[in-house]
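Enquirer: sequence first, then the predicted structure:
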Amino acid sequence: MNLKTITWMCIALIAVSPSVRGEEKFTSAEYAISVSAPKSWRSIPAPKELDSRYQQDSSISMLTRFQAPNPDSENYSIVMDLLVMKGETDLERASKSYQEHKNGLGNSFEVEKSLPVKVSGRKSLMLQANRDGGFYENVFLVAGAKDTFVVSFVSGEKYGRKKADAFKEYVKGVSLLSDQQLARLSASGRNAASPLPSGWQSYATPHYDIQYDTDEGFSRLVGKHLEAILKEYQRRFPMEKTMDESGTSLSRDRRFTVKCFQSQDAFNSYASANGVSGAAAYFSPAQNELVCYKTVDDGKKKTLHILYHEASHQYLHLYMGEEADIPIWLNEGVAEYFFGGEFSGEKFAIGVNRERITTIKEAVRRDTFVPLAEIFKYSQAQYYANPEICYAEGWALAHFLWSTTDARYRGRINTFYEELKATKSKDSAFEKAFGDLDLGQMEKDWKSYVLKL
């Protein structure tokens, strides 16, 4: 998970080169910094701050992010991150800390060059580094009076090597604000950075804070659907003390954040900063944030179904607590169960997941499914190694356990969750929920159920 980084600053009153000044601008009085994006680049949200329990280094924070209008020749997004390393003024120590931070996020960050440079007449340090997945990073670190600031340009490797000199020009768009400039900002009432970049808006439902650059109608639809399906989560997993005194809203630390991107490319750029790739949406426990984009192939309906899946992860994370180790078959199976929801009027009906039913029926007929005794013990890596079958099977198990009329199996999924919530032990939960069953017989009954769907 990446959510942090660092930031750069130039000296006060440096003239920003007209060739690099863009329409997008970020200003923070707190750090006395202003940055104009390169021409035609646009703001996208900086990754949300990590919960303190997940942070690698709380002294490193991202302030803002800009993205080029087009990817490079290798189809990598080109982004410019502005970050701050608080309380550090020595460039060599800052460089070492930054490299440790990047590698500590679980990604390879191999510095090829570390060069002293001058940026707008100020002593600086430039790092050039390879990253996992073909990414390349050109980083400029500048020591301010109290902090070290960094501008990081991330792109594909070929582009990153070729454009190193161009990036030196781009950092002229960053300037340190003088006391006089800060006074003028304060007088104008614009003395705080907006939490969202230009083009982004937000609104609150009773339980969700929706941030979006999609059309307003779609974002309102997202909020309406999330509130409706939340009632389904709450009905199956009743949660005490989730409401405030009014009985309608989650308390401040339990509200859910949702980001809706219009562009898949901007979504991918934001997701990659959090260590996520290849997803159409995701939930980050470290940020309590649900992130999606408005899908093109299947329109808004596909996006909404994906949100039903991911929002169930978000709700269950709060319901179960941080320490609960939900087994992968149940975690993804329940999420796929909610994926099959259909909205009618103001209510949801949970039906068959059309994305999964054909796959699991065929696997049952051909005996290519994973035996229940095995999938119950699968690790996340094993589950993800065979996603087509495992996701379909997880859905079919959740559907069976919630929808079967067989008294031997009804209620066991809730017994599992209640025990897991109480003990945080998936072994204890499995024993209490399924320990008295003949799993071979359960598998036969489940197969019969699937073929009748």
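Expert: Okay, I see it. Keep in mind the model is a prediction, meaning the values are calculated, not measured.
Enquirer: wait, a helix at F348?
Expert: No. Using DSSP: H, G, I helix; E, B strand; the rest coil, the assignment for F348 is strand, not a helix.
Enquirer: bridging residues for it?
Expert: Taking DSSP bridges, one finds F343 as the beta-bridge partners of F348.
Enquirer: could you pull up the residues touching it?
Expert: Counting by C-beta atoms under 8 Å, 6 or more residues apart in numbering, F348 touches A228, I229, K231, E232, G341, E342. For the C-beta atoms, the positions are set from N, CA and C on the backbone; glycine is no exception.
Enquirer: run a quick neighbour tally on Y203.
Expert: If you count neighbours by other C-beta atoms under 10 Å, Y203 ends up with 13.
Enquirer: may I ask you to confirm that it is in contact with I210?
Expert: Yes. Under the criterion of C-beta atoms under 8 Å, Y203 makes contact with I210 at 5.6 Å.
Enquirer: what residues are shared contacts of these two?
Expert: In contact with both Y203 and I210: S219, G223, using C-beta under 8 Å, 6+ apart.
Enquirer: quick one, domains of the protein?
Expert: As assigned by automatic domain parsing, the chain contains the domains 25-188, 200-321, 323-453.
Enquirer: buried only: go through the contacts of F348 for me.
Expert: Buried residues within these, defined by neighbour count using 16 or more other C-beta atoms under 10 Å: A228, I229, E232, G341.
Enquirer: now do the helix or strand bottoming out on mean pLDDT in the chain: distance to the chain's middle.
Expert: None of the helices or strands of the chain scores lower by mean pLDDT, DSSP states H and E than strand 347-350, at a mean of 78. Offset of strand 347-350 from its chain centre (C-alpha atoms, centre = their mean, to the nearest Å): 27 Å.
Enquirer: try stretch 359-367
Expert: Distance of stretch 359-367 from the chain centroid (C-alpha atoms, centre = their mean) equals 33 Å.
Enquirer: what average pLDDT does it get?
Expert: For stretch 359-367, the mean per-residue pLDDT is 97.
Enquirer: what about the residue nearest to E227 when sequence neighbours are not counted, how many residues nearby?
Expert: Leaving aside its chain neighbours, E227 sits nearest to T205 (5.3 Å; criterion: C-beta to C-beta, 6 or more residues apart in numbering). T205 has 18 neighbours, counted by other C-beta under 10 Å.
Enquirer: T205: what's it in contact with?
Expert: Contacts of T205 (C-beta under 8 Å, 6+ apart): G223, K224, L226, E227.
Enquirer: what subset of the residues you listed is buried?
Expert: G223, L226.
Enquirer: okay, and which of the contacts of T205 map to helices?
Expert: Counting by DSSP state H, the contacts of T205 place G223, K224, L226, E227 in helices.
Enquirer: columns pLDDT on top of those residues, output as TSV?
Expert: Supplementary listing: the ones in helices among the contacts of T205 in TSV, determined by pLDDT from 0 to 100:
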residue	pLDDT
G223	93
K224	91
L226	93
E227	91
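Enquirer: which pair of these spans the longest distance?
Expert: Spatial extent of the ones in helices among the contacts of T205 (C-beta to C-beta) is set by the pair K224 and L226 at 7.5 Å.
Enquirer: in PDB, list the C-alpha atoms belonging to stretch 127-138.
Expert: C-alpha atoms of stretch 127-138 as PDB (Å, rounded to 0.1, in the frame of the first residue of the first chain):
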ATOM      1  CA  LEU A 127      17.400  10.200  -7.800                       C
ATOM      2  CA  GLN A 128      16.600   8.000 -10.800                       C
ATOM      3  CA  ALA A 129      15.200   4.600  -9.900                       C
ATOM      4  CA  ASN A 130      13.700   1.500 -11.500                       C
ATOM      5  CA  ARG A 131      10.500   0.100 -10.000                       C
ATOM      6  CA  ASP A 132       8.600  -3.100 -10.200                       C
ATOM      7  CA  GLY A 133       6.300  -3.600 -13.200                       C
ATOM      8  CA  GLY A 134       8.400  -1.500 -15.700                       C
ATOM      9  CA  PHE A 135       7.900   1.800 -13.900                       C
ATOM     10  CA  TYR A 136      10.600   4.400 -13.600                       C
ATOM     11  CA  GLU A 137      10.900   7.300 -11.200                       C
ATOM     12  CA  ASN A 138      12.700  10.600 -11.400                       C
END
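Enquirer: show me what counts as buried in that stretch.
Expert: L127, Q128, A129, N130, R131, F135, Y136, E137, N138.
Enquirer: quick one: which of these sit in helices?
Expert: Going by DSSP H, the helices hold none of the buried residues of stretch 127-138.
Enquirer: these: which two are farthest apart?
Expert: Most distant of the buried residues of stretch 127-138, by C-beta to C-beta, are L127 and F135, 13.8 Å apart.
Enquirer: which stretches of the stretch 201-350 of the chain form helices?
Expert: 216-236, 264-272, 299-320, 328-339 (DSSP state H, counting those that start in this stretch).
Enquirer: neighbouring contacts of the shortest one?
Expert: Outside helix 264-272, the residues within contact range by C-beta under 8 Å, 6+ apart are 44-45, 47, 65, 67, 71, 77, 79, 213, 259, 261, 277, 279, 282, 291-293, 295-296.
Enquirer: how many neighbouring residues does F261 have?
Expert: F261: 24 neighbours (other C-beta under 10 Å).
Enquirer: contact partners for it?
Expert: I44, Y212, D213, T214, F267, Y270, V291, C292, Y293, K294.
Enquirer: again, only this time at 6 Å
Expert: F267, Y293 (C-beta atoms under 6 Å, 6 or more residues apart in numbering).
Enquirer: just to revisit the earlier point, out of the helices of the stretch 201-350 of the chain, nearest to A422?
Expert: Nearest of the helices of the stretch 201-350 of the chain (C-beta to C-beta): helix 299-320, 10.3 Å.
Enquirer: returning to what we had before: deepest in the core, which of the helices of the stretch 201-350 of the chain is it.
Expert: helix 328-339 (a mean of 24; mean count of other C-beta atoms under 10 Å).
Enquirer: any idea of the angle that one forms with helix 216-236?
Expert: 120 degrees (axes from the mean of the first three to the mean of the last three C-alpha atoms, to 10 degrees).
Enquirer: and helix 328-339, what other elements does it pack with?
Expert: Contact here means 3 or more C-beta pairs under 6 Å, 6 or more residues apart in numbering; DSSP states H and E; on that basis helix 328-339 packs against helix 299-320, helix 387-403.
Enquirer: need those helices in TSV (columns: mean pLDDT).
Expert: Formatted as TSV, these follow (pLDDT from 0 to 100):
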stretch	mean pLDDT
helix 299-320	87
helix 387-403	96
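Enquirer: measure the nearest residue to P371 once chain neighbours are set aside to I375 for me?
Expert: Leaving aside its sequence neighbours, P371 sits nearest to E443 (C-beta to C-beta, 6+ apart; 6.7 Å). From E443 over to I375 the distance is 10 Å, taken as C-beta to C-beta, to the nearest Å.
Enquirer: between those two, which one's more packed in?
Expert: Regarding E443 and I375, a neighbour count based on other C-beta under 10 Å identifies I375 as having more, with 21 against 15.
Enquirer: and the residue minimising distance to the centre of the chain, what's its pLDDT?
Expert: The centre of the chain sits closest to S284, judged by C-alpha atoms, centre = their mean, with a distance of 4.8 Å. Looking at S284, its pLDDT stands at 88.
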